[in-house]
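Trainee: test case, fold it:
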Amino acid sequence: MTMMRATGTAMTSASEIVYVQGWIPAAVVLAFVFAYVAYTDGGWNVAAGVAVLVVTGLFAFLVWRSLTDYPLTYRHGDRPTLDVQGTGLYQVWDLAPGASASTVLEAGGGSGAETLAGTVSVGHGCEEARVRWRISAGDPADEASAGISRADAPLAAGTFGEGERRGLGDVPLRPEPPAAVLLTAVRLDDATCDTTLTWENPGFEGPGHGEFRFVFPMPSE
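Mentor: A predicted model of the protein is given here:
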């Protein structure tokens, strides 16, 4: 299992996300769910166990299909809030007036990855907000990333106003998938209201849907 940590309390917030990877761990979890539900009051209710098992299994399958093949997790820099909505994971950067953010996210594997994944968007609630964002390959703090800097051509970039968004599924990872990516964002406007930059389901995509996995959000305190 893989664990991601984050802070904050927006939407359905999570302090930790636990990835259950592989069919065998998933089968163990589903077997536990069945036994827990089916065995009640000293007896077995197989029908109830089967019903909950089917619903849980279907949810796990849908989560697997919606997650990126190779999720990106926080390494260092400005820590985003990690939020969960349905089967989606959201990294959210709060941007106060004049604020900027710089965060390195790392990939767990991903040698077969072909493109970026997910959607970048600017939140609602601040009509005059203008946010310049940029996603670059590599971690500037890593010796292995020598020669990679913010001045290099980014994988993706843009300047968005309130509610604008862009899908990243068409952004190729060339010449090969990086071990990490650097996301930077800066407010360009003079508005006094707060806004957010959100990366929904951040990660890399490859052929198929990657190793079977689903997630358990651990609620923040």
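Trainee: what ranges do the helices span in the protein?
Mentor: 23-38, 46-66 (DSSP state H).
Trainee: buried residues, the shortest one. List them.
Mentor: Buried residues in helix 23-38, counted by 16 or more other C-beta atoms under 10 Å: 26, 29-30, 33-34, 37-38. In this view, the C-beta of every residue, glycine as well, is placed from N, C-alpha and C.
Trainee: who does it touch, helix- and strand-wise?
Mentor: Here helix 23-38 touches helix 46-66, going by 3 or more C-beta pairs under 8 Å, 6 or more residues apart in numbering; DSSP states H and E.
Trainee: try it again at 10 Å.
Mentor: strand 12-21, helix 46-66, strand 213-219 (3 or more C-beta pairs under 10 Å, 6 or more residues apart in numbering; DSSP states H and E).
Trainee: quick one: mean pLDDT over stretch 203-211.
Mentor: The average pLDDT within stretch 203-211 is 70.
Trainee: ah, wrong one, I meant stretch 35-49
Mentor: pLDDT averaged over stretch 35-49 gives 73.
Trainee: which residues does it contact?
Mentor: 33-34, 50-53, 56 (C-beta atoms under 10 Å, 6 or more residues apart in numbering).
Trainee: mind checking the end-to-end distance for that stretch?
Mentor: Length of stretch 35-49, first residue to last, C-alpha to C-alpha, to the nearest Å: 7 Å.
Trainee: do stretch 133-142 as well
Mentor: 22 Å.
Trainee: which parts of it are buried?
Mentor: 133-140.
Trainee: got JSON lines for those residues, with distance to Gly77 and pLDDT too?
Mentor: Below are these laid out as JSON lines (distance: C-beta to C-beta, whole Å; pLDDT from 0 to 100):
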{"residue": "Trp133", "distance to Gly77": "14", "pLDDT": "98"}
{"residue": "Arg134", "distance to Gly77": "13", "pLDDT": "97"}
{"residue": "Ile135", "distance to Gly77": "13", "pLDDT": "96"}
{"residue": "Ser136", "distance to Gly77": "12", "pLDDT": "93"}
{"residue": "Ala137", "distance to Gly77": "15", "pLDDT": "91"}
{"residue": "Gly138", "distance to Gly77": "13", "pLDDT": "88"}
{"residue": "Asp139", "distance to Gly77": "9", "pLDDT": "87"}
{"residue": "Pro140", "distance to Gly77": "10", "pLDDT": "85"}
